[in-house]
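A.B. asks: How does the following fold in three dimensions:
(one chain, ligands or ions: 2)
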Amino acid sequence: MADSRDEPLVLGIETSCDETGVGVVRGTTLLADAIASSVDEHARFGGVVPEVASRAHLEAMVPTIERALKEAGVVASDLDGIAVTAGPGLAGALLVGVSAAKAYAYALGKPLYGVNHLASHICVDQLEHGALPEPTMALLVSGGHSSLLLSTDITSDVRPLGATIDDAAGEAFDKIARVLNLGFPGGPVIDRYAREGDREAIAFPRGLTGPRDAPYDFSFSGLKTAVARWIEARRAAGEEVPVRDVAASFQEAVADVLTRKAVRACRDEGVDHLMIGGGVAANSRLRALAQERCEAAGIRLRVPRPKLCTDNGAMVAALGAEMVARDRAASDWELPADSSLPVTDPHVPGRHPHVPGQGGDGASATASAHAHGHASHDHVHETAKDNLYS
Ligand code: KG4
Ligand code: ZN
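C.D. replies: Ligands and ions are numbered 1, 2, ... in the order given. Predicted structure coming up:
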């Protein structure tokens, strides 16, 4: 067996939302997972304020990178690559991470890998349960996305089978928490209240589960409205709202639909294991129900520990390390921050990759891109499109 020191040592930077995450991995081994969160600064607004998040990333970036390197017991010059979330996410927040990654990669003479946030949420499980089986069925549930994805290779092939047609699962948790005056973010607090509630107390609707509905699509908007109306009716009648029962019944409706559809997708596609990733995968009931249903269906469940489900830098490093291990093309210095990077693009290879020691450098890549006639002003958009369709 190869010496583990032969495996790629990669630092990953995540700034797509409100967590400044920096992770260090060697192959599929987690060495460090440093996080600085600006969540408390957003709480009073009831949601993430993009400008506040960007500024917090800027302040936290260098100290968090230094903390991660120290925790990993490595020096920056040992790294085999720098990976960064190139999208999707908040444009300004992404830009801070992408700029920092470019600066470190350039200064250190290391290859840069712009990777997809959603594919990273799947790949992180390699740090917990070893190499992902191929193909992998993944249920990705976060604050911005709810999708069923089938991947034969997490660095190059991610196929969406279905997705939410309205709210993401995490968004529904956040909105219901707001209606219940439980604060932000909603997921963890609803999870806590639900533990003491009766999940069968109220029969909330299960969206898109009729025989003629799209089998792998999700809808949480009807559920959200139904819960809000139920609460309003109680309040209007001057009755107390049983917060724990509402939380438990709402959470059950979400977990029921997600697990039912994920198990069905595994069965239909003949895949005998299921991976669940993204912030909502930290939910205790979703984890328990998925375990129960997977066991009954003979499906092996893979869910990372809760800290690796919510946004973090280790997941970005994990996907970056897989890119290096599979010899995927590095990104170039034109790497854009693409707020709507599609899930089908696990990474953003450059047209002029900078490979240290093999000639070609950032300056010439930039000069050549400009020579191709990109006006600097819509450059980010152009480059993103080129990368998407090339
Ligand atoms: O993946 P993530 O950290 O950020 C995005 O990429 O969106 O996901 C954040 C979402 C939030 O909506 C948060 O409320 C939800 O994940 N979340 C949870 C739990 N922990 C975080 N939802 C349900 N139960 C939890 N324990
Ligand atoms: Zn995320």
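
A.B. asks: Tell me the residues of the protein that contact ligand 2?
C.D. replies: 142, 311 (C-beta under 5 Å from the ion). Yep, even glycine has a C-beta here, placed from its N, CA and C like the rest.

A.B. asks: residue ranges for the helices of the chain, please.
C.D. replies: 39-43, 50-72, 91-108, 117-123, 125-129, 169-179, 186-194, 221-236, 243-269, 284-297, 306-309, 313-325, 362-371, 379-389 (DSSP state H).

A.B. asks: Mind putting these into JSON lines with mean pLDDT and distance to residue 17?
C.D. replies: Written out in JSON lines, the entries for the helices of the chain read as follows (pLDDT from 0 to 100; distance: least, C-beta to C-beta, whole Å):
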{"stretch": "helix 39-43", "mean pLDDT": "89", "distance to residue 17": "9"}
{"stretch": "helix 50-72", "mean pLDDT": "97", "distance to residue 17": "7"}
{"stretch": "helix 91-108", "mean pLDDT": "98", "distance to residue 17": "6"}
{"stretch": "helix 117-123", "mean pLDDT": "98", "distance to residue 17": "9"}
{"stretch": "helix 125-129", "mean pLDDT": "98", "distance to residue 17": "20"}
{"stretch": "helix 169-179", "mean pLDDT": "97", "distance to residue 17": "10"}
{"stretch": "helix 186-194", "mean pLDDT": "98", "distance to residue 17": "13"}
{"stretch": "helix 221-236", "mean pLDDT": "98", "distance to residue 17": "20"}
{"stretch": "helix 243-269", "mean pLDDT": "98", "distance to residue 17": "20"}
{"stretch": "helix 284-297", "mean pLDDT": "98", "distance to residue 17": "20"}
{"stretch": "helix 306-309", "mean pLDDT": "98", "distance to residue 17": "14"}
{"stretch": "helix 313-325", "mean pLDDT": "98", "distance to residue 17": "13"}
{"stretch": "helix 362-371", "mean pLDDT": "35", "distance to residue 17": "28"}
{"stretch": "helix 379-389", "mean pLDDT": "33", "distance to residue 17": "19"}
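
A.B. asks: Can you lay out these as a markdown table showing mean neighbour count?
C.D. replies: Output for these, formatted as a markdown table (neighbours: other C-beta atoms under 10 Å):
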| stretch | mean neighbour count |
| --- | --- |
| helix 39-43 | 14 |
| helix 50-72 | 19 |
| helix 91-108 | 21 |
| helix 117-123 | 30 |
| helix 125-129 | 21 |
| helix 169-179 | 24 |
| helix 186-194 | 21 |
| helix 221-236 | 15 |
| helix 243-269 | 21 |
| helix 284-297 | 17 |
| helix 306-309 | 19 |
| helix 313-325 | 30 |
| helix 362-371 | 14 |
| helix 379-389 | 16 |
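
A.B. asks: need these in CSV with distance to residue 160, can you?
C.D. replies: Formatted as CSV, these follow (distance: least, C-beta to C-beta, whole Å):
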stretch, distance to residue 160
helix 39-43, 29
helix 50-72, 26
helix 91-108, 21
helix 117-123, 10
helix 125-129, 18
helix 169-179, 15
helix 186-194, 23
helix 221-236, 19
helix 243-269, 11
helix 284-297, 20
helix 306-309, 20
helix 313-325, 17
helix 362-371, 30
helix 379-389, 15
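
A.B. asks: And the residue of the stretch 101-250 of the chain that's closest to ligand 2?
C.D. replies: Nearest residue of the stretch 101-250 of the chain to ligand 2 (C-beta to the ion) works out as residue 142 at 4.2 Å.

A.B. asks: Quick one: neighbours of the nearest residue to that residue once chain neighbours are set aside, just the number.
C.D. replies: Once flanking residues are discounted, residue 142 sits nearest to residue 278: 3.4 Å by C-beta to C-beta, 6 or more residues apart in numbering. Counted with other C-beta atoms under 10 Å, residues neighbouring residue 278 total 28.

A.B. asks: Please apply the same query to residue 156.
C.D. replies: So residue 156, with other C-beta under 10 Å, has 15 neighbours.

A.B. asks: can you tell me which residues contact it?
C.D. replies: The contact partners of residue 156, by C-beta atoms under 8 Å, 6 or more residues apart in numbering, come to 326, 328, 346.

A.B. asks: hmm, back to that, could you check how far the residue nearest to residue 142 is from residue 347?
C.D. replies: Between residue 278 and residue 347 the distance is 18 Å, computed by C-beta to C-beta, to the nearest Å.

A.B. asks: Residue 128 now?
C.D. replies: 21 Å.

A.B. asks: And for residue 15?
C.D. replies: With C-beta to C-beta as the criterion, residue 15 and residue 347 are 17 Å apart.
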